[in-house]
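Asks: dropping a prediction and its sequence here:
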Amino acid sequence: MKNISPMTLAVAVVVALLVVSNTFFIVDQRERAILFQVGELKDAQFSPGLHIKIPFFHTVRKFDGRLLTLDNQTENFLTVEKKNVEVDFFVKWRIADPATYYRATGGQELVAMDRLSAIINRGLRDEFGSRTIQQAVSDERDVIMQELERKVVKNVAELGIEIVDVRIKSINLPQAVSESVYDRM
């Protein structure tokens, strides 16, 4: 057997390390992961820990599995009386099904937040549209939130998302409406 040159040995060691490092992947307890086989979704059920994949044939994509917050801008909604109310709200959500989430949003959190915001806005528009100003600003806020969560569960499930909490931070009357209320008083 001939002597192996140091350069050949170094290249062999680097290639071996590259193959070994691409064979294993770690899923943190705060992450969700999906495995692709030549660009096609192969598996999405990974528990936290060390996992094996075929190097250069499988790729892994990871997503944040923690609670995420959608803090929406103030939106205007009409009540039954055709009066505007300014509503500021936030949503706590997390990825429930990584495969569905990836198919629905391409794995992009901004796309998910945009679609989630649209779903919540439609739900709030319906809820405020069926109430008077008095009902909207009274103690019915909890009822509004419960009804909203019940109605949007199916729509957000199609995104692979689970809503943990929806809260209204504030309900304000626009300046013109506030002035007309004070004038009547």
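Replies: Arrived safely, thanks for sending.
Asks: got the confidence number for residue 139?
Replies: pLDDT, residue 139: 68.
Asks: now the helix or strand hosting residue 9: how far from the chain's centre is it?
Replies: Using DSSP states H and E, residue 9 sits within helix 6-21. Averaging C-alpha positions (C-alpha atoms, centre = their mean, to the nearest Å) puts helix 6-21 41 Å from its chain's average.
Asks: any idea which helix or strand comes after it?
Replies: Once helix 6-21 ends, the next helix or strand along the chain (criterion: DSSP H and E) is strand 24-27.
Asks: that next one pairs with which strands, parallel or anti?
Replies: If you go by DSSP bridges, strand 24-27 pairs up with strand 49-52 (antiparallel).
Asks: as a whole number, average confidence for the partner strand?
Replies: Here the average pLDDT along strand 49-52 is 91.
Asks: quick one: contacts of the longest helix anywhere in the chain?
Replies: The helix that spans the most residues within the chain, counting by DSSP state H, is helix 109-129. Applying C-beta atoms under 8 Å, 6 or more residues apart in numbering, the external contacts of helix 109-129 come out as 63-64, 68, 70, 72, 75, 77-80, 85, 87, 89, 91, 93, 101, 104-105, 136, 144, 147-148, 151-152, 155-156, 159, 161, 166. Every residue, glycine included, has its C-beta placed from N, CA and C.
Asks: still on that earlier bit, neighbouring contacts of the helix holding residue 9?
Replies: Contacts of helix 6-21 (C-beta under 8 Å, 6+ apart): residue 55.
Asks: dump that helix to PDB, restricted to CA.
Replies: Taking Å, rounded to 0.1, in the frame of the first residue of the first chain, the C-alpha atoms of helix 6-21 are listed here in PDB:
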ATOM      1  CA  PRO A   6      -1.500  14.500   3.900                       C
ATOM      2  CA  MET A   7      -3.600  16.500   1.500                       C
ATOM      3  CA  THR A   8      -5.700  13.500   0.500                       C
ATOM      4  CA  LEU A   9      -6.100  12.500   4.100                       C
ATOM      5  CA  ALA A  10      -7.200  16.000   5.000                       C
ATOM      6  CA  VAL A  11      -9.800  16.100   2.200                       C
ATOM      7  CA  ALA A  12     -11.100  12.700   3.200                       C
ATOM      8  CA  VAL A  13     -11.500  13.800   6.800                       C
ATOM      9  CA  VAL A  14     -13.300  17.000   5.800                       C
ATOM     10  CA  VAL A  15     -15.700  15.000   3.500                       C
ATOM     11  CA  ALA A  16     -16.300  12.500   6.300                       C
ATOM     12  CA  LEU A  17     -17.100  15.300   8.800                       C
ATOM     13  CA  LEU A  18     -19.400  17.000   6.300                       C
ATOM     14  CA  VAL A  19     -21.400  13.800   5.700                       C
ATOM     15  CA  VAL A  20     -21.600  13.000   9.500                       C
ATOM     16  CA  SER A  21     -22.700  16.600  10.300                       C
END
